[in-house]
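Undergrad: predicted model follows, preceded by the sequence.
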Amino acid sequence: MKTRGKKTLLPPTPPQTIGPYFRIGLTAPRPLSRIAGPDTRGERLKLVCTVLDGRNAPVDDAMIEIWQANAEGKYNHPDDRQKKALDPDFIGHGRMGTNSEGICIFETVKPGRVPGPGPGNTLQAPHLEVSVFARGVLKRLATRIYFAGDPANNEDSVLALVPKARRATLLAQPIEGEPGAWRFDLHLNGKKETVFFDV
Amino acid sequence: MVSSSSRGKASVRRTHRGEGHPARDGEESGRILSPYHRHDPKNEPGNIYPPYKSSLARGPRKPLIVLPHTLSEITGPVFGHGEIGEMDNDLTRQHAGEPLGERITVSGKVLDDNGRTVSNTLIEIWQCNAAGRYAHMVDQHPAPLDPSFSGAGRTLTDAQGNYHFTTIKPGPYPWKNHPNAWRPAHIHFSLFGTAFATRLITQMYFPGDPLFPFDPIFNSVRDPKARERMISKFDLALTRPDWSLGFRFDIVLRGREETPFENKR
């Protein structure tokens, strides 16, 4: 395979904040809270996401996007060459604006495990890819949602990159008394700042 | 709302595109395909830019953790024609009446940083009207709303990566960041590209805007050459005689470190 090390690359277009008015273009014409359709296979999840700023105040003008594999651990994308089945009723993309309490809710299925970055056949723990945009957020923030208590978390090579003390910021927690419901608090900054990734 | 039928269509299309590479199937395929180029910090705003006040409580302060690209980052949502209406790229024809203002065509090409065209990728735009007012509840600027202008459009790039929008030139407008703060005229752009890694939301500006030196959002990108890449160019060739002025805005997304195999076959 050719390396492109010596090639001059075109400089990319810089990002800018989404601003406060994205609803007219993005979430009003295309709200997508129901990631899983009625026939989607897998364990149902209700994911309650709250976005908070550094003063712990709810961020009521954030947009969250989700990208995830299906229940078998297969992404609906041509570059996923695994011999796993696609689910005809599942794309894996969700997008919502937060409400006045900083909350948006996604209805989906728990993603299966997908291959990890390392050598060998290591699998990643079940996780969702998350993009966060908001007024005051200068460029896309990328994070992941994992599930508290999943035994696979202990062998996940991405979680292993995160200092132990901050790993909990990536874990959704089960909501008591509501089976299948999980909450994920996203702290944009402050003491409980969520881990964000350079993707 | 994306209907279940359009979900179905998209799935079929993607399944089809994914076939024909049996030699490359397998559990380990997450690390066969090449990752994307990393971000260049010079090309981007930081997460905190103090002159943009709302970044202070909303931008993360801890260092980002570098995430090696796995299958999760080199895949991403793909959208199909079933989700785009025929008139969605003409913001001047979404109502019975014609919007007020200067009619413009905005066209360009979407490329990756290797110079390859990015075809069939979703572009969504939103903007204020000619008077500088968004059709949005939160916008309290005392400028008139235009009942003939909603300010949102979307399209897919064609096979050569080209896109076209017809719209109205947005006006500048005041905001509360600092005393007498005004945003230069801009159109918001949202692109997915080919992967989670390539997601981009930006703003397109107009050449020669006198407000550039005073705008903390524009200047949050510190490299002047990088800022220039957010400014469209007036292009007489794109102008439609007796109809609209033309502006060209080419967009470059990050590309892969190495050329995927299938492109060499």
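TA: On my side now, so go ahead.
Undergrad: check the secondary structure at B:Leu56 for me.
TA: helix (DSSP: H, G, I helix; E, B strand; the rest coil).
Undergrad: can you give me the neighbour number for A:Ser100?
TA: 8 (other C-beta atoms under 10 Å in any protein chain shown). To be clear about C-beta, it is placed using only N, CA and C from the backbone, and glycine gets the same treatment.
Undergrad: distance of the residue nearest to it when sequence neighbours are not counted from B:Gly255?
TA: Distance criterion C-beta to C-beta, 6 or more residues apart in numbering or on different chains; nearest residue to A:Ser100, sequence neighbours excluded, is A:Asp60 at 5.0 Å. With distances taken as C-beta to C-beta, to the nearest Å, A:Asp60 is found 36 Å from B:Gly255.
Undergrad: and these two? Which one has more around it.
TA: More crowded of A:Asp60 and B:Gly255, by other C-beta under 10 Å: B:Gly255, with 24 against 17.
Undergrad: and the residue of chain A found nearest chain B, how many neighbours does it have?
TA: Nearest residue of chain A to chain B, counting by C-beta to the nearest C-beta: A:Gly25, 2.7 Å away. With neighbours defined by other C-beta under 10 Å, the count for A:Gly25 comes to 25.
Undergrad: wait, A:Pro12 touches B:Val252, no?
TA: Yes. When contacts are counted by C-beta atoms under 8 Å, A:Pro12 is listed as touching B:Val252 (4.7 Å).
Undergrad: now for those two: what residues contact both?
TA: B:Asp113, B:Arg229 (C-beta atoms under 8 Å, 6 or more residues apart in numbering or on different chains).
Undergrad: strands along chain B, start to end?
TA: Remark: strands assigned in chain B by DSSP state E are B:65-66, B:103-112, B:122-126, B:152-156, B:162-168, B:173-175, B:181-183, B:186-191, B:200-205, B:233-234, B:245-248, B:251-253.
Undergrad: next, the contact list for A:Ala134, please.
TA: Contacts for A:Ala134 (C-beta under 8 Å, 6+ apart) come out as A:Thr17, A:Ile18, A:Val51, A:Val59, A:Asp61, A:Ala62, A:Met63, A:Leu188, B:Arg58.
Undergrad: got it, and A:Ile35?
TA: A:Ile35 neighbours (C-beta under 8 Å, 6+ apart): A:Ile66, A:Gln68, A:Phe90, A:Ile91, A:Gly92, A:His93, A:Gly94, A:Phe106, A:Glu107, A:Thr108, A:Val109.
Undergrad: sec struct for A:Arg167, please.
TA: Once three-state DSSP is applied, A:Arg167 turns out helix.
Undergrad: what about the strands in chain A?
TA: Going by DSSP E, chain A shows strands at A:44-52, A:62-67, A:93-97, A:103-109, A:128-134, A:141-147, A:171-174, A:181-187, A:197-198.
Undergrad: what's the closest of these to B:Asn47?
TA: Of all the strands of chain A, strand A:141-147 sits nearest to B:Asn47, with 7.7 Å by C-beta to C-beta.
Undergrad: got the angle for that closest one vs strand A:128-134?
TA: For strand A:141-147 against strand A:128-134, the angle between stretch directions is 140 degrees (axes from the mean of the first three to the mean of the last three C-alpha atoms, to 10 degrees).
Undergrad: so does strand A:141-147 get close to chain B?
TA: Yes. Using C-beta under 8 Å from any C-beta of the partner chain, strand A:141-147 reaches chain B at A:Leu141, A:Ala142, A:Arg144.
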